[in-house]
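Task: produce atomic coordinates for the following.
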Amino acid sequence: MPRSLINDIVSEAPVHDGRISFARLDGTETLTLAELYERAGRVASGLRRMGVAPGDRIGILAANGLEWVLLDLAALRLKAETAGFEPGKFEPDAELLARYDIKLLFSDRPSDAPPASCRSPTSGCSPRSRTTTSRCSRSTTGPRTPPR
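Numbering: from 1, shown residues only. Modelled structure (predicted):
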């Protein structure tokens, strides 16, 4: 992996005790950078178990927050791509999966896409994490058009 700040963040555990905070409607969650790194590693393991490999694209249709960041950092570790979709402008459905060639879609919105047998990589046991519902769906084939 070429040397860059983002590659350093995802490939090496932090050596200092910096902290990062995520604002939520119900308060703020603060983690050390080491905790963020460790949790992103667990999410990456979950994604790998779900079949995500280098070059795959996962979609994230959710409000900004800790879960979004964890999915993005985990995908970077796996050399997968993330496609972010703005809530309210996109629906978590089969058409979205096909149009953007999404292998897995994670959303905090209800979905009419057929669910794959999956677990939330943030919890490792069910589609419900503490603050969002992660719905996973396998894509159908379609053109690889980048999101707008």
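
Model confidence at the residue nearest to Gly18 when sequence neighbours are not counted, what's the number?
Here the nearest residue to Gly18 in space, its sequence neighbours aside, is Leu33; by C-beta to C-beta, 6 or more residues apart in numbering that works out to 4.6 Å. C-beta here means a position set from N, CA and C on the backbone, and glycine is covered the same way. Looking at Leu33, its pLDDT is 89.

cool, Arg48 as well?
97.

Which helix or strand contains it?
helix 33-49 (DSSP states H and E).

what ranges do the strands span in this structure?
19-24, 27-32, 57-61, 81-85, 104-107 (DSSP state E).

Direction included, what does the last one pair against?
It refers to strand 104-107. strand 57-61 (parallel) (DSSP bridges).

Now do the helices in the chain.
For the chain, the helices defined by DSSP state H occupy 5-11, 33-49, 66-78, 94-99.

Tell me where this structure is predicted with low confidence.
Residue ranges of the chain with pLDDT under 70: 1-5, 7-9, 111-148.

hmm, try it at 80
The model of the chain has pLDDT under 80 over residues 1-12, 16, 109-148.

Kindly reformat the helices of the chain as CSV containing mean neighbour count and distance to Phe106.
Formatted as CSV, the helices of the chain follow (neighbours: other C-beta atoms under 10 Å; distance: least, C-beta to C-beta, whole Å):
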stretch, mean neighbour count, distance to Phe106
helix 5-11, 13, 18
helix 33-49, 18, 10
helix 66-78, 21, 6
helix 94-99, 18, 12
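
wait, which of those helices is closest to Asp108?
helix 66-78 (7.8 Å; C-beta to C-beta).

same for that closest one, what does it pack against?
The criterion is 3 or more C-beta pairs under 8 Å, 6 or more residues apart in numbering; DSSP states H and E, and the helices and strands that helix 66-78 contacts are helix 5-11, helix 33-49, strand 57-61, strand 81-85.
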